[in-house]
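Undergrad: Here's a sequence, model it:
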Amino acid sequence: EATGFSVNAENQISLAQKAAQIGVELFVIDDGWFGKRNNDKAGLGDWQINKEKFPEGLTHLIKSVRDMGMEFGIWVEPEMVNPDSDLYRTHPDWVLGFSTRKGSLGRNQLVLNLAKDEVKTFILSFMTELLSEYDIKFIKWDMNRAVSEPGWNEAPLKRQKEVLVKYTKNLYEIWRTLKEKFPDVMFESCSGGGGRIDLGIMEYADQFWVSDNTDALDRLYMQEGFSTMYNPKTMVCWVTDSPNGFNKRNLSLKYRFLSSMTGALGVGGNLRKWSDESLEDASRYIAVYKQIRDMVQNGSLYRLSPPSTGNTVVQYVEDKGRGSVVFMFNQSLNFGMNKFHVRLKGLFPDVSYKVTIDEEEPFTMSGSGLMNVGLTIKYKGEYDCKLIRIVAE
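TA: Numbers count the residues shown, from 1 in each chain. Below you'll find the predicted structure:
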């Protein structure tokens, strides 16, 4: 998101340097690295490195990223094609459609008919080549439009209705094959946001892009729903710029980070425009996340107060109950009500815990006290938030 379609080796290395500075572990290049992909109207389907943007291919960029101590990942959208592409000009019969209807574009693209085995072979071939040639550890697999004309004209009439079933089976077969060939590569399922989050693809996907709306407050609502069904470990949450590009809301860096730290934390802002102070703060939040990551991703989750109340409170407890972390977010302060009382869960009643609220002086309280008496938290203003860390003594 930081560079749009103007991605090139120089600006990606510059961005990677900032990412490494704040403690990022995985650097992912987004759309625009292939074909004649200078906007969303052309190039999709032509999965060759754009030599104008990357004269040395991806090798130099990946080496630079690895030398900075990070792994490298890449964005792809294999199921789609632009009409203005070499792939479509060569294989116009490879797209879904009906002979009796004019095909419709979505984001200036058409959907490849993955029910066709030759399309499946094409996708599997170029993905295998990409992962074999380059040291890539992460794939962001996108699908940016819905299927509106699910036609398969070449199939026998009685089998045309099987198109979406065959499409899905071939998609799963591609993912299964790639996971077997490249077991060290993580795969993210993304679909114009959260359009492909289900238990079927979860057998192969390591994580999911929840929504293109990355506003930290809106995400609290979405993340509550997502985590009701799926593990927070699979819930990708990005810190992006403020004001947010989706709704222009201004939220503090702390609010944006803590909201994203309730799942699989990522950073999608243009770090080259962040102040030194913001980069320093980001580095501190990322360091804290690394300390609590296992608890957030693999511990027990308690939803203590939903976003609809105006005060969101989520608590994570490690499996053995020896530690916990609580995230609190307020939306507005009405009638001077700036205090919120919360009782925790999942702790040992007879164990003493050290409690630290943000960077305040820690204090000791029993598990029984934390669960039955609770904590009274004072907010300093609207859109304030708190991180409470609890460790058994």
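Undergrad: roughly how far apart are Leu333 and Thr59?
TA: 54 Å (CB to CB, to the nearest Å). (Glycine included, C-beta is placed from N, CA and C.)
Undergrad: which residues sit against stretch 192-204?
TA: 142-146, 168, 171-172, 175-176, 179, 187, 189-191, 208-213, 222, 226, 230, 234 (CB atoms under 8 Å, 6 or more residues apart in numbering).
Undergrad: From the residues you listed, keep the buried residues only.
TA: When the contacts of stretch 192-204 are checked for burial by 16 or more other CB atoms under 10 Å, the buried set is 142-145, 171, 175, 179, 187, 189-191, 208-211, 213, 222, 226, 230, 234.
Undergrad: Show me those residues that map onto strands.
TA: Phe187, Ser189, Phe208, Trp209 (DSSP state E).
Undergrad: And Leu333 and Thr59? Which one has more around it.
TA: Leu333 (16 against 13; other CB atoms under 10 Å).
Undergrad: What sits closest to that one if chain neighbours are left out?
TA: Of all residues not flanking Leu333 in the chain, Glu382 sits nearest, at 5.6 Å (CB to CB, 6 or more residues apart in numbering).
Undergrad: now Trp94: how far from Gly192?
TA: Going from Trp94 to Gly192 by CB to CB gives 21 Å.
Undergrad: Give me the more crowded residue out of the two.
TA: Trp94 (19 against 16).
Undergrad: wait, what's in contact with that one?
TA: With CB under 8 Å, 6+ apart, Trp94 has these contacts: Val81, Leu87, Tyr88, Leu112, Asn113, Lys116, Glu118, Val119, Phe122.
Undergrad: which residues sit in contact with Asp215?
TA: Asn244, Phe246, Asn247, Arg249, Leu251.
Undergrad: And for Leu251?
TA: Asp215, Ala216, Leu217, Ser242, Asn244, Tyr383.
Undergrad: and what of Leu265?
TA: Cys237, Val239, Phe257, Ile286, Tyr289, Arg293.
Undergrad: any idea which element it lies in?
TA: Using DSSP states H and E, Leu265 maps to strand 264-267.
Undergrad: That strand: what's the following helix or strand?
TA: According to DSSP H and E, the helix or strand after strand 264-267 is helix 276-298.
Undergrad: which residues are in contact with that next one?
TA: Under CB under 8 Å, 6+ apart, the answer for helix 276-298 is 18, 21-24, 231-233, 239, 253-254, 257-258, 261-265, 267, 271, 274, 316-319, 323-325, 387, 389.
Undergrad: For beta bridges, what are the partners of the spatially most central residue of the chain?
TA: Centrality entry for the chain: nearest residue to the mean C-alpha point is Val236, 3.3 Å, by CA atoms, centre = their mean. Beta-bridge pairing of Val236 under DSSP bridges involves Trp209, Ala264.
Undergrad: can you list the weak-confidence ranges in this structure?
TA: 1 (pLDDT under 70).
Undergrad: change it to 90
TA: The model of the chain has pLDDT under 90 over residues 1-4, 102-103, 157-158, 192-194, 319-321, 332-338.
Undergrad: Please, where are all the helices along it?
TA: Assigned by DSSP state H, the helices in the chain fall at 9-21, 59-67, 86-90, 117-133, 163-181, 199-202, 216-229, 253-260, 276-298, 367-372.
Undergrad: Looking at those helices, which one is packed in the most?
TA: Mean neighbour count (mean count of other CB atoms under 10 Å) peaks for helix 253-260 among those, with a mean of 23.
Undergrad: now that helix, how far from the centre of its chain.
TA: Computed by CA atoms, centre = their mean, to the nearest Å, the chain-centroid distance of helix 253-260 equals 15 Å.
Undergrad: Verify the stated contact: Asn247 with Asp218.
TA: Yes - between Asn247 and Asp218 a contact is recorded at 7.2 Å, counting by CB atoms under 8 Å.
Undergrad: for Pro243, what are its contacts?
TA: So Pro243 contacts Arg249, Asn250 (CB under 8 Å, 6+ apart).
Undergrad: and the gap between it and Arg389?
TA: 30 Å.
Undergrad: Look up how far Gly192 lies from the spatially closest residue to Ser148 that is not a sequence neighbour.
TA: Spatial nearest neighbour of Ser148, excluding adjacent residues (CB to CB, 6+ apart): Ser104 at 5.3 Å. Look at Ser104 and Gly192: by CB to CB, they are 15 Å apart.
Undergrad: from what I can see Glu224 touches Leu304, true?
TA: No - with contact defined as CB under 8 Å, Glu224 does not reach Leu304; the gap is 11.3 Å.
Undergrad: what do the two both touch?
TA: Contacts common to Glu224 and Leu304, judged by CB under 8 Å, 6+ apart, are Val314.
Undergrad: now the contacts of Asp215: which count as buried?
TA: Of these, these count as buried by 16+ other CB under 10 Å: Asn244, Leu251.
Undergrad: Can you add distance to Ala42 and give the helices of the chain back as JSON lines?
TA: Shown next, in JSON lines, are the helices of the chain (distance: least, CB to CB, whole Å):
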{"stretch": "helix 9-21", "distance to Ala42": "20"}
{"stretch": "helix 59-67", "distance to Ala42": "22"}
{"stretch": "helix 86-90", "distance to Ala42": "10"}
{"stretch": "helix 117-133", "distance to Ala42": "18"}
{"stretch": "helix 163-181", "distance to Ala42": "25"}
{"stretch": "helix 199-202", "distance to Ala42": "28"}
{"stretch": "helix 216-229", "distance to Ala42": "32"}
{"stretch": "helix 253-260", "distance to Ala42": "33"}
{"stretch": "helix 276-298", "distance to Ala42": "35"}
{"stretch": "helix 367-372", "distance to Ala42": "58"}
